[in-house]
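Peer 1: below are the sequence and a predicted model for it; my questions follow.
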Amino acid sequence: MHFAQYYLDCLSQASYLIGDETTGRAVLVDPRRDIDTYLADAEASGLRIELVIETHIHADFLSGHLELARATGAAIAFGAAAETGFPSRRLHDGERLHLGPDDATGVTLTVLATPGHTPESICLLVHEDPRDAEPFGVLTGDTLFVGDVGRPDLLSAAGRSPQDMAGHLYRSLHTQLLPLPDATRVFPAHGAGSACGRNLSTETSSTIGAQRRLNYALQPMPQDAFVRLVTADQPATPGYFAHDAALNRDGHPLLEQTPPPALTLDEAVAARDTRAAALLDCRPLSAYTRAHVAGSLHAGLDTRFAEYAGSVIAPGTPLVLLAEPGKEGEARTRLARIGYDQVIGHVPDPSAALAAHPALTATSHRITPHEIPADPDQLVDVRNPAEYAAGALPGARNIPLAALPSHIDSLDPGRPVTLYCRTGNRSVIAAALLESRGFGDVCDVVGGYEAVAVG
């Protein structure tokens, strides 16, 4: 059997290539949108990708199922409850997918219907041979993570009660996954940092036995206690999630990876003023805070770039990138992974351009923990609810970064605003957003809550 996990750190997202080495038949599960690595590996291993399987309709990234179908001719498959705007196959609970030479030998996948995170969620039980007494592993999608389970609240806007979905999730876990042998390897769709859960491990695989012992959500408890536990304090949902879920369900334009055209700084500012483009500064935090275009937004490529950009920029917004020389292509690809394709240009060597245009330049206002006013006017904690609940500055109001665009009207732009996060990264992104919306007196805390706690 050929089994490969592809883990994308910046989105904490995992995809899988599984093939039978005897027949060369293979499936790809939960692919990202830029597919060249999969195609190269399949060719090098003598595999033909015949089927692309989505464990569910993803919200946190734009999947590559359409790109793979075009490149390989593979069919696309979802769980039986899925409805898609393009041709796709439905996979039913208990259905077996045979990649070997016949139905009795070779690599076999068994579909497990596991609604809860979404109604169409499935897991895939992997056997190297159907005659094996125990499975090789199980691909758990967003149903079971290492250290956590899938969040049940993402479909609230579509009328799906988080409590109802959590009940389905409880039953899926207890009837489909926990009965598996302890040695069964667990291969989830996400790891630490993903907004698809709140307690995900940095480990990208585990076993059913380990999760049975260590995962807080799998400890013995009645269903009602589980529902209360997994519906509380989930991370704020980035604004692009609903956009990506719709594109993954209904279809999206195929990825094009042409370099964005070069613009002068004056042309970039003109695009902002006449075309409502967002100027997205992708440089490291230190470079941005030292000098940036007044009114520009920030998300560093050395962070969770696409997620943070998608948290503060509305889908469909034209974008001009200000990235370090040679990094504009990476920035464009990473934005495309969340469906942000409207990159209309980039400013080559933005640091040099800023030095030549001091009238367009601003510097971030940052303060140390010791400089926080004794009675700050508007003190905002932009961490997630669980972080805030674990400890916060007195008087701080919790508005997670992902929720800030929809809560800006609750803040007074005519009064000072002090922002902080865990280490000082998200607070700079939040400050840039507020400044771009006309807030005149904004500062953030260097080092964030961790620095305050140490101090």
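Peer 2: Good, I have the coordinates.

Peer 1: which helix or which strand is home to residue 37?
Peer 2: Assessed by DSSP states H and E, residue 37 sits inside helix 36-44.

Peer 1: can you point out the buried residues in that helix?
Peer 2: Neighbour counts using 16 or more other C-beta atoms under 10 Å place 38, 41-42 of helix 36-44 among the buried residues. Using the backbone N, CA and C atoms, a C-beta is placed for each residue, glycine as well.

Peer 1: and those as a markdown table, adding distance to residue 312 and pLDDT?
Peer 2: Compiled in a markdown table, the buried residues of helix 36-44 are given as follows (distance: C-beta to C-beta, whole Å; pLDDT from 0 to 100):
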| residue | distance to residue 312 | pLDDT |
| --- | --- | --- |
| 38 | 31 | 98 |
| 41 | 35 | 98 |
| 42 | 37 | 98 |
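
Peer 1: turn those residues into a markdown table, including distance to residue 65.
Peer 2: Converted to a markdown table, the buried residues of helix 36-44 look like this (distance: C-beta to C-beta, whole Å):
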| residue | distance to residue 65 |
| --- | --- |
| 38 | 11 |
| 41 | 17 |
| 42 | 15 |
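
Peer 1: between those, which is nearest residue 226?
Peer 2: Taking C-beta to C-beta as the measure, residue 226 lies nearest residue 38 of the buried residues of helix 36-44, at 35.9 Å.

Peer 1: which secondary structure elements does the helix holding residue 37 contact?
Peer 2: In this structure, helix 36-44 makes packing contacts with strand 2-8, strand 13-19, strand 25-29, strand 48-53, helix 65-72, judged by 3 or more C-beta pairs under 8 Å, 6 or more residues apart in numbering; DSSP states H and E.

Peer 1: distance of residue 376 from residue 367?
Peer 2: As defined by C-beta to C-beta, to the nearest Å, residue 376 lies at a distance of 10 Å from residue 367.

Peer 1: which of the two has more neighbours?
Peer 2: Between residue 376 and residue 367, counted using other C-beta atoms under 10 Å, the more crowded position is residue 376 (17 against 14).

Peer 1: so the helix holding residue 37 versus strand 25-29, what angle?
Peer 2: 160 degrees (axes from the mean of the first three to the mean of the last three C-alpha atoms, to 10 degrees).

Peer 1: dump the C-alpha coordinates for helix 36-44 into CSV.
Peer 2: Extracted in CSV, the C-alpha atoms of helix 36-44 (Å, rounded to 0.1, in the frame of the first residue of the first chain):
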residue,chain,number,x,y,z
ASP,A,36,1.2,19.8,-8.3
THR,A,37,2.8,17.9,-5.4
TYR,A,38,0.1,15.3,-5.5
LEU,A,39,0.4,14.8,-9.2
ALA,A,40,4.2,14.5,-9.1
ASP,A,41,4.1,12.0,-6.2
ALA,A,42,1.4,9.9,-7.9
GLU,A,43,3.4,9.8,-11.1
ALA,A,44,6.7,8.9,-9.3
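
Peer 1: what pLDDT is listed against residue 99?
Peer 2: Residue 99 carries a pLDDT value of 97.

Peer 1: pretty sure it sits against residue 17.
Peer 2: No - look at residue 99 against residue 17 with C-beta atoms under 8 Å: they stay out of range, at 11.5 Å.

Peer 1: list residues touching both of residue 376 and residue 367?
Peer 2: Residues touching both residue 376 and residue 367 (C-beta atoms under 8 Å, 6 or more residues apart in numbering) are residue 418.

Peer 1: JSON lines for the helices and strands packed on helix 36-44, including mean pLDDT?
Peer 2: Below are the helices and strands packed on helix 36-44 laid out as JSON lines (pLDDT from 0 to 100):
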{"stretch": "strand 2-8", "mean pLDDT": "97"}
{"stretch": "strand 13-19", "mean pLDDT": "98"}
{"stretch": "strand 25-29", "mean pLDDT": "98"}
{"stretch": "strand 48-53", "mean pLDDT": "98"}
{"stretch": "helix 65-72", "mean pLDDT": "98"}
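
Peer 1: what do residue 99 and residue 17 both touch?
Peer 2: Both residue 99 and residue 17 are contacted by 26-27, under the criterion C-beta under 8 Å, 6+ apart.

Peer 1: can you tell me the centre-most residue of this protein?
Peer 2: Residue closest to the average C-alpha location in the chain (C-alpha atoms, centre = their mean): residue 60, at 4.0 Å.

Peer 1: that one in helix, strand or coil?
Peer 2: coil (DSSP: H, G, I helix; E, B strand; the rest coil).
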